[in-house]
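Chemist: Here is the input, now give the coordinates:
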Amino acid sequence: MLLATHTGQALEAGLDEAGRGCLAGPVFAAAVILPADFNPPFLNDSKQLSAKRREVLRPIICAEAVAWAVGQASEAEIAQLNIAQASYLAMHRAVAALAVVPTHLAVDGNRFRALAGFDHSCVVGGDGLYRHIAAASVLAKTFRDDYMQALATEYPAYGWEQNAGYPTQRHRDAIRAHGPSPYHRMGFRLL
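Modeler: Residues are numbered from 1 along each chain as shown. You can find the predicted model right below:
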């Protein structure tokens with residue numbers, strides 16, 4: 001069973017990202033503040049959930065959260081900053097977009113670039129320990145997947161509607177056959 005918060009503070013925000021290991025598209029992050037009694041039966045790290053369960057959870061999280069927001073960093077920002085710094089930027093943007101100011105940030109992972117005015121804790125595997133981080137992982141993943149599905153209609157050869165920009169064999173074969181798109185991360189090893 002997932003815990004409500006890391007520090008016990010009611011307005012603690014959970015943060016997570018999606019898309020760090022992709023070859024194409026922006027990195028997305030979400031920040032979520034949940035009510036203490038929010039506990040849907042199958043909430044977990046988005047990687048442990050089927051796409052169907054993530055899609056069921058997303059509107060529940062959005063409707064019942066105290067506050068939630070999604071941020072992103074573009075392929076150009078990833079190239080300029082590196083993927084880790086771009087992930088932090090996306091998280092900072094998500095926190096800045098929250099309608100409620102959090103009292104603490106619980107960040108999935110072992111590193112985070114401090115955000116002025118906020119205390120934070122890094123929690124390795126936090127998306128499998130805390131409800132608000134798990135909810136953030138679901139939002140970051142589903143919003144990013146939707147974005148990549150929209151891009152797939154413009155660039156259908158890469159299979160983004162199925163692989164979301166991750167380095168599958170089909171994706172790499174399409175890069176080999178068609179070259180990279182404007183959405184590919186040129187600083188990454190594409191082949």
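
Chemist: all strands of the chain, in order?
Modeler: Taking DSSP state E, the strands of the chain run over residues 12-18, 27-33, 67-73, 104-108, 120-123.

Chemist: now those strands as JSON lines including mean pLDDT?
Modeler: Formatted as JSON lines, the strands of the chain follow (pLDDT from 0 to 100):
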{"stretch": "strand 12-18", "mean pLDDT": "98"}
{"stretch": "strand 27-33", "mean pLDDT": "98"}
{"stretch": "strand 67-73", "mean pLDDT": "98"}
{"stretch": "strand 104-108", "mean pLDDT": "98"}
{"stretch": "strand 120-123", "mean pLDDT": "98"}
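
Chemist: As JSON lines, those with mean neighbour count and distance to His132 would be great.
Modeler: C-beta here means a position set from N, CA and C on the backbone, and glycine is covered the same way. As requested, those are exported to JSON lines (neighbours: other C-beta atoms under 10 Å; distance: least, C-beta to C-beta, whole Å):
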{"stretch": "strand 12-18", "mean neighbour count": "30", "distance to His132": "3"}
{"stretch": "strand 27-33", "mean neighbour count": "31", "distance to His132": "5"}
{"stretch": "strand 67-73", "mean neighbour count": "22", "distance to His132": "9"}
{"stretch": "strand 104-108", "mean neighbour count": "24", "distance to His132": "7"}
{"stretch": "strand 120-123", "mean neighbour count": "17", "distance to His132": "11"}
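
Chemist: In a markdown table, list these along with distance to Asn163.
Modeler: Output for the strands of the chain, formatted as a markdown table (distance: least, C-beta to C-beta, whole Å):
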| stretch | distance to Asn163 |
| --- | --- |
| strand 12-18 | 13 |
| strand 27-33 | 16 |
| strand 67-73 | 18 |
| strand 104-108 | 22 |
| strand 120-123 | 28 |
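
Chemist: Kindly export stretch 154-165 (C-alpha atoms) in CSV.
Modeler: C-alpha atoms of stretch 154-165 as CSV (Å, rounded to 0.1, in the frame of the first residue of the first chain):
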residue,chain,number,x,y,z
GLU,A,154,2.7,13.9,-38.6
TYR,A,155,5.5,11.4,-38.7
PRO,A,156,3.9,8.0,-39.0
ALA,A,157,7.1,6.0,-40.0
TYR,A,158,8.6,6.0,-36.5
GLY,A,159,5.8,4.2,-34.7
TRP,A,160,5.5,6.8,-31.9
GLU,A,161,1.8,5.8,-31.4
GLN,A,162,3.2,2.6,-30.0
ASN,A,163,6.8,3.3,-28.8
ALA,A,164,6.3,6.9,-27.6
GLY,A,165,9.7,7.8,-28.9
